[in-house]
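Chemist: Structure of the sequence below:
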Amino acid sequence: MESLIAQTAERIFADHVDKALLDRAEAPAAGAFPDALWRTVQDSGLHLVGRPDSGSELGDLFGLLKVAGRHALPMPLAEVLVANAVLPDVPDGAGFTTIAVDGVAPWARAANRVLDLDGALHVSFTVEPGANIAGEPRDSVHAGQTVAVAVPSELPLYMALSRTSLMSGALERTMEMSVSYAMERAQFGRPIAKFQAIQHNLALLAGEVAAAVRACDGAIEALGTNGADNQIAAAKARVGEAAGVVAEIAHQVHGAFGFTHEHSLHHYTRRLLAWRDEYGREHEWQERLGRRAAARGADQLWDFITRGQ
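Modeler: Numbering: from 1, shown residues only. Next up is the predicted model:
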């Protein structure tokens, strides 16, 4: 059963996020930040989910990001939530903090602060606008005034799990769109979902989504345990693999119609491919797990696989 937080987010995002909003946010140099949606998120308190004093837990934070992924939410909610969770002393009412990797941060053009993974907090900065392949703002940040803050060593893991959670939600939405289209689109007098080739592809798509979502949920459940690092690594790799397969099948099912700008499918498939590349691609996390398994030795391999520690 979905949590009250997830249900609230679902209602808000469903009411506010549509294709027009997504299109306005994706202009590379002048993407429009959804101010009205951001005010609604603040008014509901969703931007504080996962913060130590919020009455919620880290698992709630990443569960919320799954909902955001289902709606291709055009704001840096992952960065806002994680920054609020790891920087409890930063005022939550003074704009928002985004998080940068190698000097590039989502929506830095609209942010009040930028946090580096090493704990450098930029409180004044200039921005060079940019975008990823999904059209989401990914801005180069040139530091002005910077202060050092304490951040947990798990911060990179949290950000990897944020992308895993976003992709998990987007995968579910992509599957729903593909199944719905196959049931509605008719060829030769019957829905294309009746054709064996389409059924086979949809079955493959559903299997990938199920495996990816379970891997993501397993990583969220492992937060705070000794096996969290390995679970997150496995989830990021598995969900990343699914992203490529699902995006390909979804466009095959939709045919040429799905490649048009007028259709919403690209808002999800381009994000899947963009988020897959952020905070480590599949092979990086697979190599990390492989090195750990090898270090444990052959006698401990089964224990490593089943316990994840």
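
Chemist: Would you mind measuring from residue 149 to residue 116?
Modeler: 10 Å (Cβ to Cβ, to the nearest Å). Glycine gets a C-beta too; all of them are placed from N, C-alpha and C.

Chemist: of the two, who's got more company?
Modeler: Neighbours per residue, other Cβ atoms under 10 Å: of residue 149 and residue 116, the larger number sits with residue 116, 21 against 16.

Chemist: Contact partners for the closest residue in space to residue 123 that isn't next to it in sequence?
Modeler: Excluding the flanking residues, the one nearest residue 123 by Cβ to Cβ, 6 or more residues apart in numbering is residue 145, at 5.1 Å. If a contact means Cβ atoms under 8 Å, 6 or more residues apart in numbering, then residue 145 has 122, 123, 124 as its contacts.

Chemist: from the residues you listed, which is closest to residue 164?
Modeler: Closest approach to residue 164 among the contacts of residue 145 (Cβ to Cβ): residue 122, at 26.2 Å.

Chemist: Go ahead and list the helix or strand containing residue 89.
Modeler: Following DSSP states H and E, there is no helix or strand that holds residue 89.

Chemist: Could you list the low-pLDDT ranges of this structure?
Modeler: By pLDDT under 70, the low-scoring segments of the chain are 1-2, 28-29, 92-93, 308-309.

Chemist: just the strands in it please.
Modeler: Taking DSSP state E to define them, one finds strands in the chain at 97-100, 104-106, 113-116, 120-122, 125-128, 138-143, 146-148, 186-187, 190-191.

Chemist: Break the chain down into its structural domains.
Modeler: 4-148, 155-307 (automatic domain parsing).

Chemist: any idea where the helices of the stretch 151-300 of the chain begin and end?
Modeler: Using DSSP state H, counting those that start in this stretch, the helices found in the stretch 151-300 of the chain span residues 155-184, 196-221, 228-254, 265-277, 282-296.

Chemist: Residue 112: which of those helices is closest?
Modeler: Of the helices of the stretch 151-300 of the chain, the one closest to residue 112 (Cβ to Cβ) turns out to be helix 155-184, at 19.1 Å.

Chemist: The closest one packs against which elements?
Modeler: Under the contact definition 3 or more Cβ pairs under 8 Å, 6 or more residues apart in numbering; DSSP states H and E, helix 155-184 sits against helix 58-70, helix 77-86, strand 190-191, helix 196-221, helix 228-254, helix 265-277.

Chemist: How much space separates the residue nearest to residue 292 when sequence neighbours are not counted from residue 303?
Modeler: If the residues on either side of it in the chain are set aside, residue 292 comes closest to residue 230, at 6.8 Å by Cβ to Cβ, 6+ apart. Distance of residue 230 to residue 303, computed by Cβ to Cβ: 12 Å.

Chemist: neighbour count winner among these two?
Modeler: For residue 230 versus residue 303, neighbours defined as other Cβ under 10 Å are more numerous around residue 230 (22 against 11).

Chemist: Would you confirm that that one contacts residue 293?
Modeler: No: contact between residue 230 and residue 293 fails when scored by Cβ atoms under 8 Å: they sit 9.2 Å apart.

Chemist: shared neighbours, the two?
Modeler: residue 304.

Chemist: Residue nearest the middle of the protein, spatially speaking?
Modeler: residue 166 (2.3 Å; Cα atoms, centre = their mean).

Chemist: That residue is in contact with residue 278, isn't it?
Modeler: No: Residue 166 lies out of contact with residue 278 (Cβ under 8 Å); the separation is 9.4 Å.
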